[in-house]
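A.B. asks: Quick check, what structure comes out for this input:
(chains A and B)
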Number of protein chains: 2
Amino acid sequence: MFEAAELGNEIDKVAYKKQEPLIRTRLLNAQQELAKSPYSVMVLIGGVEGAGKSETVNLLLSWLDGRGVEVHALGAPTDEERERPHYWRYWRIIPPRGKIGILFGSWYSDPLVDRVYERCDDTGLDRELHLITQFERMLANEGVVLVKLWMHLAKKVQKKRLEKLRDSPKTAWRIGPLTWKYFKKYDEFRRVSEMALRKTSLAFAPWHIIEAGDDRYRYLTSSTFLAEAIEAAMKRPKALPAPAAEGKKPPMPVPKAVNLIQSMDLSARLPDGVYEKRLIELDADLNRLTRKMVDAGGSMTLVFEGTDAAGKGGAIRRLTEPIDARIWQFMSVAAPTDEERAHPYLWRFWRQLPRRGHITIYDRSWYGRVLVERLEGFCTQEEWQRAFSEITQFEEQLTDFGTIVIKFWLTISPEEQLKRFKERETTPYKQYKLTAEDWRNREKWSGYIAAACDMIERTSTSNAPWVLVEANAKYWARIKIIKTVRDALKKSYG
Amino acid sequence: MFEAAELGNEIDKVAYKKQEPLIRTRLLNAQQELAKSPYSVMVLIGGVEGAGKSETVNLLLSWLDGRGVEVHALGAPTDEERERPHYWRYWRIIPPRGKIGILFGSWYSDPLVDRVYERCDDTGLDRELHLITQFERMLANEGVVLVKLWMHLAKKVQKKRLEKLRDSPKTAWRIGPLTWKYFKKYDEFRRVSEMALRKTSLAFAPWHIIEAGDDRYRYLTSSTFLAEAIEAAMKRPKALPAPAAEGKKPPMPVPKAVNLIQSMDLSARLPDGVYEKRLIELDADLNRLTRKMVDAGGSMTLVFEGTDAAGKGGAIRRLTEPIDARIWQFMSVAAPTDEERAHPYLWRFWRQLPRRGHITIYDRSWYGRVLVERLEGFCTQEEWQRAFSEITQFEEQLTDFGTIVIKFWLTISPEEQLKRFKERETTPYKQYKLTAEDWRNREKWSGYIAAACDMIERTSTSNAPWVLVEANAKYWARIKIIKTVRDALKKSYG
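C.D. replies: I've put the predicted structure just below:
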């Protein structure tokens, strides 16, 4: 596929002068449309050394309206980046809707270099390319337009350019020992890049190979690809994210007659006196094991979902009591801010992902998309349907990083819920928990059960399982939760 | 001042049981008021080892509505934190309006420990306390309620507690060699803390010393101080930030007859042919010196302000042309997002502060507060007046960190502006720069001049000077700017 970029394409000064104002106007118009749209753009600049990547970015910056562009040069990861799953560093630079982000170095750099230097084999590279494809598909679905530009030079041309750069005092600094080291591997780089580019040149995010030998040709081609990509996106309809109007609420799903949640034995309870005794042992373990986890640089993510008043808060309070307050963090999931709404759905969770050595406890979570957002029509059917796989991919990145992930679903009966609502009404420091929303949600009981069953079936994985908790009896529920957490910690750190 | 916290205060179980529901209700009510208010709360937990800080935080977390609280345990700074001015790590955890942040370790920790171990003298500590006072005053003015809790133990009591913690298998882990090392310095810590607390116990942010020997007393006292502080803030009137209504626009300031800007010689221009020649030399220097700066871990911040159409964009484009696109960053200052509006004014600039090794170029900047926001009534008079010192303190932190800070004010004449506006109307790729706002701003010309003169007089410091640029002749302006940047780099890295 690189042969087409070795033809000696050039543009002469006169032609360039004629085309420059045209493409600048076109770029600016595209950027203005983009600014008003629900799309954002990520430009990846890849390619061989000495192909003029930096100059091309400087040119794009000078032609675009600087107010809508940000440039990110990704070098070695910082320690804050190393202390989170690999893709965190890419999530944190996704531009908000309306903006353009330009990336030097991207999620392609490490896999390619690792393969060339045989730090991984073809299978390892394939796995990385698979992760890339998942990531890019998610971005594309969420309205991030990917413009992937690859600057190519034929071997002879590259050699000549590198020598020229080396011999001019103005550019000699660019040519370090690493440049020649890489150049020696030209053929291998070419083979690996060609394979990777072919496998990742997808309909929603194609690669554009640019013959980079001639500055003017490279400038015009790069800016034209960028303008075209934005223009094409502007023609695709995409609504700004907004809750469905009242009349347009989706129909409530109906649970299967026999389902996971309905099959739970809500009469489960502990014999008298067992609760306090078990807690003494569990608390001691939790205190010890969480410290061991921190020392080992481990992490844990606990998700709590369930019916209203199922006792999530109380269970979390009891669970965390013996744990050092510096170790655990509580994350509450409220309505997204405007910055969060301007990014892909999972961005708000990625941005708050704590560093290694923490237990993060979510009272409600990313599963909101397939529960309340699905039922209330806050997202489209297409959005919540693909959320199942986006979420499992997200959790897989956590567990691949060594994070223990457990998700608890707490169920109570409608009668028990009614009793608890009434109790909340009369206890002063519990009143704040009860809102009109809670009463309204009771009417959607079976819809919630149906959505929850879908969710549990589709997102309970061996690495990040759902644990169903019978919660009519609070003590039973708490011991089950605390014991599950203890056992998981013990398995890894006991 | 610690004697009052060595009296052996205790609360018995019965009294505690009676008071617990009262203070919980009070805390929750206060928190609910806070959530609707323009205030946020930062709780600093300081004090001696073994005083039960972690348990106190766990208790507060279990009593408060977890959805409005975040806990931050500040250990050693990460490399991302070390690569920015010291206070960056505190700025990044300021809670948004309506929320409570609880801090283990704070801006007090390092100065106190450094003084005890004689890594600084009293003068050094005083300087740090002065920075703290500036920071806390800014926070208080911006609606961040500081609740500073100091857990105190008398020497004998502390020794007994530490021994008890050490001898119980459940808590022995907490007592490391550092604990006893610190304990040996009890008297010195006490002396230094007492001095520091006295100097930083200010009307807007007082310290509360809590006798920490008895758990129940400590719990009730800490939660009461927190509730009281929130209740007191709720009684102070503070409007949510909002632009002044049209009728309430502030009067336009009038410039002095003889002023800095009016005295500029706008006829300044370069002789023919000089521009291109000077650029060749300057470009080579810039390319070389910026790379040296990066290698030395230096940074540079350039601010561009000036009248509309004064040529800021063109000057920035020409300045950056010879600089590697990985080194410089362009920051454009648009309307703040809702997250930004929920934080102190300068937060939006702190959060985007790049790591070492970058040149950051601001096309408009934090000076917006004393220019457009002042003139349009987007902030109160009190706000823009204190902004002068807040801004110089901010810039001082940059320059203390080794960042070169230069601020350019570009001036053109009203006639030249009119000419350029008309040119923009007719050049397709310049039209986007011209808005109705620009025409309206022309009518406020003298108001802008007056505000700009105030600004330059009050914020031009030797470490972060304003450079006035006569910009009627574009080439003259560009060379003056580029030469100023080159000279500053040469002084530090030549």
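
A.B. asks: all contacts plus neighbour counts: C-alpha atoms, from now on.
C.D. replies: Noted.

A.B. asks: Run through the stretch 101-250 of chain A and note the low-pLDDT ranges.
C.D. replies: Per-residue confidence for the stretch 101-250 of chain A (pLDDT under 70) gives these ranges: A:239-247.

A.B. asks: can you give me the helices in the stretch 101-250 of chain A?
C.D. replies: Along the stretch 101-250 of chain A, counting by DSSP state H, counting those that start in this stretch, helices occupy A:109-116, A:122-141, A:155-167, A:177-184, A:186-200, A:215-235.

A.B. asks: need those helices in JSON lines with distance to chain B, can you?
C.D. replies: Converted to JSON lines, these look like this (distance: least, C-alpha to the nearest C-alpha, whole Å):
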{"stretch": "helix A:109-116", "distance to chain B": "16"}
{"stretch": "helix A:122-141", "distance to chain B": "22"}
{"stretch": "helix A:155-167", "distance to chain B": "14"}
{"stretch": "helix A:177-184", "distance to chain B": "16"}
{"stretch": "helix A:186-200", "distance to chain B": "23"}
{"stretch": "helix A:215-235", "distance to chain B": "14"}
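
A.B. asks: As a markdown table, those with distance to B:Phe189 and mean neighbour count would be great.
C.D. replies: Shown next, in a markdown table, are the helices of the stretch 101-250 of chain A (distance: least, C-alpha to C-alpha, whole Å; neighbours: other C-alpha atoms under 10 Å in any protein chain shown):
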| stretch | distance to B:Phe189 | mean neighbour count |
| --- | --- | --- |
| helix A:109-116 | 49 | 18 |
| helix A:122-141 | 52 | 17 |
| helix A:155-167 | 59 | 16 |
| helix A:177-184 | 52 | 13 |
| helix A:186-200 | 60 | 17 |
| helix A:215-235 | 61 | 19 |
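
A.B. asks: Same list (those helices) but as TSV, adding distance to B:Pro271.
C.D. replies: Output for those, formatted as TSV (distance: least, C-alpha to C-alpha, whole Å):
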stretch	distance to B:Pro271
helix A:109-116	48
helix A:122-141	53
helix A:155-167	33
helix A:177-184	43
helix A:186-200	49
helix A:215-235	31
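
A.B. asks: Could you pull up the residues touching the nearest residue to A:Asp122 once chain neighbours are set aside?
C.D. replies: Spatial nearest neighbour of A:Asp122, excluding adjacent residues (C-alpha to C-alpha, 6 or more residues apart in numbering or on different chains): A:Arg115 at 7.3 Å. Contact analysis of A:Arg115 by C-alpha atoms under 8 Å, 6 or more residues apart in numbering or on different chains lists A:121-122, A:125, A:192.

A.B. asks: repeat for A:Asp214
C.D. replies: Per C-alpha under 8 Å, 6+ apart, neighbours of A:Asp214: A:9-11.

A.B. asks: near chain B, which residues of the stretch 351-494 of chain A?
C.D. replies: Residues of the stretch 351-494 of chain A lying near chain B by C-alpha under 8 Å from any C-alpha of the partner chain: A:428-429, A:432.

A.B. asks: Any of the residues you listed buried? List them.
C.D. replies: Among those, the ones that count as buried by 16 or more other C-alpha atoms under 10 Å in any protein chain shown are A:428-429.

A.B. asks: domain assignment for chain A?
C.D. replies: A:3-235, A:246-493 (automatic domain parsing).

A.B. asks: Of all the ones you listed, which one is nearest B:Asn472?
C.D. replies: domain A:3-235 (21.4 Å; C-alpha to C-alpha).

A.B. asks: Need the distance between the two termini of that closest one.
C.D. replies: With C-alpha to C-alpha, to the nearest Å as the measure, domain A:3-235 spans 32 Å from end to end.

A.B. asks: list the contacts for A:Leu28?
C.D. replies: By C-alpha under 8 Å, 6+ apart, the neighbours of A:Leu28 are A:63-65, B:429, B:432.

A.B. asks: hmm, try it at 10 Å
C.D. replies: By C-alpha atoms under 10 Å, 6 or more residues apart in numbering or on different chains, A:Leu28 lies in contact with A:34, A:63-65, A:227, B:428-432.

A.B. asks: Report pLDDT for it.
C.D. replies: Confidence at A:Leu28, expressed as pLDDT, is 95.

A.B. asks: For the helix or strand that contains it, output the C-alpha coordinates as PDB.
C.D. replies: Element membership of A:Leu28, judged by DSSP states H and E, is helix A:13-35. What follows is helix A:13-35, C-alpha atoms only, in PDB (Å, rounded to 0.1, in the frame of the first residue of the first chain):
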ATOM      1  CA  LYS A  13       5.300  27.100  -6.300                       C
ATOM      2  CA  VAL A  14       2.800  28.700  -8.700                       C
ATOM      3  CA  ALA A  15       0.200  25.900  -8.200                       C
ATOM      4  CA  TYR A  16       0.700  26.000  -4.500                       C
ATOM      5  CA  LYS A  17       0.200  29.800  -4.300                       C
ATOM      6  CA  LYS A  18      -3.000  29.400  -6.200                       C
ATOM      7  CA  GLN A  19      -4.300  26.600  -4.100                       C
ATOM      8  CA  GLU A  20      -3.300  27.900  -0.700                       C
ATOM      9  CA  PRO A  21      -6.100  30.500  -0.200                       C
ATOM     10  CA  LEU A  22      -8.600  27.900  -1.400                       C
ATOM     11  CA  ILE A  23      -7.700  25.200   1.000                       C
ATOM     12  CA  ARG A  24      -7.300  27.700   3.900                       C
ATOM     13  CA  THR A  25     -10.800  29.000   3.300                       C
ATOM     14  CA  ARG A  26     -12.100  25.400   3.000                       C
ATOM     15  CA  LEU A  27     -10.400  24.300   6.200                       C
ATOM     16  CA  LEU A  28     -11.800  27.300   8.100                       C
ATOM     17  CA  ASN A  29     -15.300  26.800   6.800                       C
ATOM     18  CA  ALA A  30     -15.100  23.200   7.800                       C
ATOM     19  CA  GLN A  31     -13.800  24.100  11.200                       C
ATOM     20  CA  GLN A  32     -16.600  26.600  11.800                       C
ATOM     21  CA  GLU A  33     -19.200  24.000  10.900                       C
ATOM     22  CA  LEU A  34     -17.500  21.600  13.300                       C
ATOM     23  CA  ALA A  35     -17.500  24.100  16.100                       C
END
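
A.B. asks: near chain B, anything from the helix or strand following it?
C.D. replies: Following helix A:13-35 in sequence order, the next helix or strand is strand A:40-47 (DSSP H and E). No. Applying C-alpha under 10 Å from any C-alpha of the partner chain, one finds strand A:40-47 out of contact with chain B, separated by at least 12.0 Å.

A.B. asks: Can you name the next helix or strand after strand A:40-47?
C.D. replies: helix A:53-63.

A.B. asks: Packing partners of that next one?
C.D. replies: helix A:13-35, strand A:40-47, strand A:69-73, strand A:100-104, strand A:144-152, helix A:215-235, helix B:312-320 (3 or more C-alpha pairs under 10 Å, 6 or more residues apart in numbering or on different chains; DSSP states H and E).
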